[in-house]
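**Student:** Turn this into a structure:
(chains A and B)
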Amino acid sequence: MNIRNDVVQADIGLLLEGTFPYVRGGVSSWVYQIIRGFPDLTFAVCFLGSREEDYGEMKYELPANVVHMEQHYLHEKGSAPSAAECPDNKEAFEVVRALHDWYGEKKLNLENQYLGRIVELDRIGRYGEKDFLYSRESWNYITELYRKNCTDPSLIDYFWTVRTMHAPLWKLMNIAVNFVPCGAYHTICTGYAGFLGALLKKGRDKPLILSEHGIYTKERKIDLFQAEWISDTRGELEKGTSEVAYFRELWVRFFETLGRECYDAADRIISLYEANRLRQVSDGAAAEKTRSIPNGIDFSHLDKLRSKRPHEIPLVVCLIGRVVPIKDVKTFIRAMRTVVNAMPGVEAWIAGPEEEDPAYARECRSLAEGLGDSVRFLGFQRIDDILPKIGLLALSSISEALPLVILEGYAAGVPCVATDVGSCRQLIEGGSAEDIALGAAGIVVGIANPEELAAAIIRLLSDSALWQSAQKAGVERVKKYYTQESMFAQYRAVYEQALTATSAVNTPPAAEKGRCVWQV
Amino acid sequence: MAGIGFELRKLMERGTVIGMIQAYTYAGIISSGPWVLSIIGILVIGALSIGETSADSMVAQFQVSVTYIIACSLIFTGFVQLAFTRFTADRIFENENDIILPAFNGLLLIITLAAGLAGGVFSVMLFPGQSILYRALLAGGFVIMCNIWVAAIFLSGMKQYKSIVTVFALGYGVSIFLAVYLRKSDLEGIFGGFLSGQLALLLGLIILINLEYPSEKLFDFSFIRKIRLYPSLVFIGFFYNFGVWIDKFIFWGDSYTSTQVIGPLRASPIYDIPVFLAYLSIIPGMAVFLVRLETDFVEYYEKFYEAIRSGRSLDHIEDMRNAMVSTLRQGVLQIVSVQMVVVAAVVMTGSSILKYLGISDLYFPLLCVNVISAAIQVVFLGVLTIFFYLDKRGTALILTIMFASLNAMFTLATLEFGPKFYGFGFAASLLVVVAVGFWMLDRRLDALEYETFMLQ
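**Tutor:** Okay, here's the model as predicted:
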């Protein structure tokens, strides 16, 4: 494991939350691709994770142009300053109040200087974590907000929710002070990494680029509604659902706020596709800073895989992705029941790591038991090996951004059946009129609908003319719109502009798509 | 004070006058501590002996000897009293009742050895002119008294309050009876008689404690390690007792106010008698203090922390805090009003008491000052106890150190100013620390939620 920290500066500071190089996934591959795509630039990587034990070895070899790498675990117990009453600090808390008032207003004020002032106060030692944790002013402000806003009666729950929420922010403040100097900072999501980007921007006045693959805040919301970790000191039976709801809402607003700070601080806000760009704007990103740059794949490499394909269409439907609830693997397995009944001999493969959510993976396996050998769990597979062997790619996700695997499948000659999430419809049916004219590269189905998914799979696998035309449309679409050459060219422009500008940039945007989560 | 609240509440809840009287009587006995009773004992023995024995000086020698034993043993055991109380309370809280008795036995053993050694050395070295029996009684008495104070720690925690009252009655009955019966012989007789009663009291207490706490081990010394976790309590106990006695020692040491009584022991009759009489007056205040603190205050104290733990609203938590503060205020007010009555009674009857005891009426003002001081001392004890509840041992330590040093300074100053000012040193030092204590308490209680949430 080569962690380099011998350098004093880099061109681009990459701020990565729960992704490259410790976690496999779409965003990680994309980051890996970008780093290798700019061998002439140096990168400093700052990895943010939850707790160290949540991650194993690095999953990617660090390319040579990563000149610095550091990792921080935000949900680990840090060494907080020891408890002691600290002197009153009225002026700092006026800034804190102004900052939170600004967060409370829904409209984005471009003149938000409060976070910058907090960073400055922290730097000169006038306001720090100990003030937040131990001062009278802080207590007064917390109880004031509790009285004003909290609909859950429990003070202790509110108090600890607030503390838990802020703890990582102080770590980020610290990271922002000590990170190696870079020409520009590039965060691949909002959230904690995006907030770190905002802090770096405020503290160092270097350009900040945000590339958002998914919509972080939206995905955190999904997490939050499944979460059991939300601060709760009592048994479930003791409290009504409305009470827990308040703290969920508080967490949702917290992540929204992190997002807004990042949107506010970023000089460039890049999404993967148009729908997400609009979503960013509605979440508070200034429209003139936004643009879309779609993912691109190594077409010339994948193109060669097509020659390895058997003459016949393999009767194999493959779901390539992590076995986690967001991929809704269960719907895929249920659909296969119908498929296998109608077309005996069709196989379903599930190619993706299962260690992230072992309980869910177990449930999927037991659901597949009745189907015998027709459903196979392959674990993580290299796409070069697997794409030539499959006839159809299936994606049953309940949330996606711009799944690279669809593009890779196209290039390797595999059509796709996908749910109507993220940019999937655009990828299958086309975006612009010209794009649509290329034809459909597969079939779009509704989410959580095994019957519809099964019907689409059966149609494509049983109608060879339809399959051939889908393959042709896929190859042409990916070649025309989604090559990595085109992506690199657009990012080169973004990087060059950021590195030549000392500070704020204001150039108009271009293209599409995205995603980025805690755990991609 | 673990456990007392429950018993007292049960007594109070009967709602009868008898129940209430029982509760206050019991509280009076265990809270004033056996040391007030000891003083009463020697005063009673003295009073019964007036005119009865040819040698008045012998009674004085007896009283002074016992007084020194009481003072020195209280200061000597001051180091462990609070810390061991805390240790016991913690064990009860953690349901480790079976460690308590062996730890108690262990402590008794250590105290007996240490006190025996110290008492032995002092009585051998400093009393060359006295009989061997007197010197043995002096050392033995010191050991007995030290052990009684340690045993007294358990009084408030025990459920057999009737037995406790019986043991005390028995102990003092024997003490007074034997002392009065044996006084005809000599100093050793009266001294030995008194100490036999105290020994009976000690044995009675040890038996009760052994009945109360089950254990399979005889000795256990692991408490030493635990007590060392609370160094502040060790010193609070010392400085409190030291502070309570330092003015007396100063008066005993001053050649103008004192006379040599026996061996190196000096006494200051003009100061001592009013002071000890005044201590009798605190019993009602102590009883009120214990009942108020252990029932009302503790009830809201528990509700306050329970409200936080169980996730109640800030309004509710503040209500509990306010209720707690108001029970404190009421408690202090009640102590003050009860003691006011006592002060009034002393002011009205004081001259005749002094006349009866054969003390000059000139010392009547001193008696009045001392009665007021004693009342303030009860309040001071209350303030300290509340700081213990709030786990502000640092503050309690500061207050006791302040008390000890102010009492020494002010008392020395009053010696300079003359007899009119005697007693004012003690009173002034108490007044200052109680005022400071209230001020600190006020700030603590004001910031109670803040400190509970933010600083723990």
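**Student:** roughly how far apart are B:Ala323 and B:Gln330?
**Tutor:** 10 Å (C-beta to C-beta, to the nearest Å). Every C-beta, even on glycine, is put in place using the N, C-alpha and C of the backbone.
**Student:** thinking A:Gly345 is in contact with A:Leu315, fair?
**Tutor:** Yes. Using C-beta atoms under 8 Å as the test, A:Gly345 is close enough to A:Leu315 to be in contact (5.6 Å).
**Student:** Please say which of those two ends up with more neighbours.
**Tutor:** Counted by other C-beta atoms under 10 Å in any protein chain shown, A:Gly345 and A:Leu315 do not tie: A:Leu315 has more neighbours, with 16 against 8.
**Student:** Skipping adjacent residues, who's closest to that one in space?
**Tutor:** Taking C-beta to C-beta, 6 or more residues apart in numbering or on different chains, and ignoring the residues beside it in sequence, A:Leu315 has A:Val346 as its nearest neighbour in space, at 4.7 Å.
**Student:** backbone phi and psi for that neighbour, please?
**Tutor:** phi -70, psi 140 (degrees, to the nearest 10).
**Student:** Number of residues surrounding it?
**Tutor:** Residues lying near A:Val346 (other C-beta under 10 Å) number 21.
**Student:** Return the residues in contact with it.
**Tutor:** Remark: with contacts taken as C-beta atoms under 8 Å, 6 or more residues apart in numbering or on different chains, A:Val346 is in contact with A:Leu315, A:Val316, A:Val317, A:Met336, A:Val339, A:Val340, A:Ser374, A:Ile457, A:Leu461.
**Student:** Among these, which ones are in strands?
**Tutor:** When DSSP state E defines the strands, the subset of the contacts of A:Val346 inside them is A:Val316, A:Val317.
**Student:** List only buried entries from the contacts of A:Val346.
**Tutor:** The neighbour count (16 or more other C-beta atoms under 10 Å in any protein chain shown) marks A:Leu315, A:Val316, A:Val317, A:Met336, A:Val339, A:Val340, A:Ser374, A:Ile457, A:Leu461 as buried among those.
**Student:** Now that the fifth one has come up, it's in contact with A:Val316, right?
**Tutor:** No. Applying C-beta under 8 Å, one finds A:Val339 not in contact with A:Val316, separated by 11.2 Å.
**Student:** Contact residues of chain B facing chain A?
**Tutor:** Applying C-beta under 8 Å from any C-beta of the partner chain, one finds that chain B approaches chain A through B:308-314, B:316-317, B:447, B:449-451, B:453-456.
**Student:** Now the buried members of the residues you listed.
**Tutor:** Neighbour-count burial within those applies to B:Ile308, B:Gly311, B:Arg312, B:Ser313, B:Leu314, B:His316, B:Ile317, B:Glu449, B:Tyr450, B:Glu451, B:Phe453, B:Met454; the criterion is 16+ other C-beta under 10 Å.
**Student:** Could you save the residues you listed as JSON lines and add columns showing pLDDT and secondary structure?
**Tutor:** Conversion of these to JSON lines gives the following (pLDDT from 0 to 100; DSSP: H, G, I helix; E, B strand; the rest coil):
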{"residue": "B:Ile308", "pLDDT": "88", "secondary structure": "helix"}
{"residue": "B:Gly311", "pLDDT": "85", "secondary structure": "coil"}
{"residue": "B:Arg312", "pLDDT": "88", "secondary structure": "coil"}
{"residue": "B:Ser313", "pLDDT": "89", "secondary structure": "coil"}
{"residue": "B:Leu314", "pLDDT": "89", "secondary structure": "helix"}
{"residue": "B:His316", "pLDDT": "91", "secondary structure": "helix"}
{"residue": "B:Ile317", "pLDDT": "91", "secondary structure": "helix"}
{"residue": "B:Glu449", "pLDDT": "88", "secondary structure": "helix"}
{"residue": "B:Tyr450", "pLDDT": "89", "secondary structure": "helix"}
{"residue": "B:Glu451", "pLDDT": "87", "secondary structure": "helix"}
{"residue": "B:Phe453", "pLDDT": "88", "secondary structure": "helix"}
{"residue": "B:Met454", "pLDDT": "87", "secondary structure": "helix"}
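**Student:** Could I get the average pLDDT for the helix or strand containing B:Asp442?
**Tutor:** When elements are defined using DSSP states H and E, B:Asp442 is found to belong to helix B:424-446. Per-residue confidence for helix B:424-446 averages out to 94 on the pLDDT scale.
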